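[1] my questions are about this predicted structure, shown below with the sequence.
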Amino acid sequence: MAGDPLKIFEKLDPELLKLVGNTHELALAYGTLPKKVKLLIAMALDASHGTIEGVRALAGAAIQAGATKEEITETLRVAQYISGVGSVYTAAHALKDVF
């Protein structure tokens, strides 16, 4: 992903950007679920929503948090089970730049 897609909101609506940042921090904060698992869940949701850039970024972040290629692909099996084959196509486009 080339740059931060939300950067435009620094000028347009800094309060909205702050809200998004706070939500991001809350969702990925230390807790019962490891950060890696939270990122894998988010990646599956983005795959289900057809968000190629999101899958790419979240897969990369999950890898940095310790996720393996096998964990990523297993997570995508769950996304396909719940959301259908479209999530697999989205992930395929995203992951060609990751692996």
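    Happy to help now that I have it.
[2] after the helix or strand harbouring residue 15, which helix or strand is next?
    Element membership for residue 15 (DSSP states H and E) is helix 14-28. Going down the chain from helix 14-28, the next helix or strand is helix 35-49, by DSSP H and E.
[3] tell me the buried residues in that next one?
    Residues of helix 35-49 classed as buried: 35-48 (neighbour count, 16 or more other Cβ atoms under 10 Å). C-beta coordinates here come from the backbone N, C-alpha and C atoms, glycine included.
[4] how many residues are close by the nearest residue to residue 42 once chain neighbours are set aside?
    Among residues not flanking residue 42 along the chain, residue 58 sits closest, at 5.1 Å (Cβ to Cβ, 6 or more residues apart in numbering). As a burial measure, residue 58 scores 26 neighbours (other Cβ atoms under 10 Å).
[5] mind giving me the packing neighbours of the helix holding residue 15?
    With contacts defined as 3 or more Cβ pairs under 8 Å, 6 or more residues apart in numbering; DSSP states H and E, the packing partners of helix 14-28 are helix 9-12, helix 35-49.
[6] out of the ones you listed, which gets nearest to residue 85?
    Nearest of those to residue 85, taken as Cβ to Cβ: helix 35-49 at 10.8 Å.
[7] among the buried residues of helix 35-49, which one lies nearest to residue 96?
    Nearest to residue 96 among these is residue 47, at 13.7 Å by Cβ to Cβ.
[8] what pLDDT is listed against that closest one?
    Among the per-residue scores, residue 47 holds a pLDDT of 98.
[9] grab the nearest non-local neighbour of residue 93.
    residue 52 (4.9 Å).
[10] check what pLDDT the one you found gets.
    Looking at residue 52, its pLDDT is 96.
[11] ok, now residue 97?
    86.
[12] now do residue 79
    Among the per-residue scores, residue 79 shows a pLDDT of 98.
[13] perfect, I'm done here.
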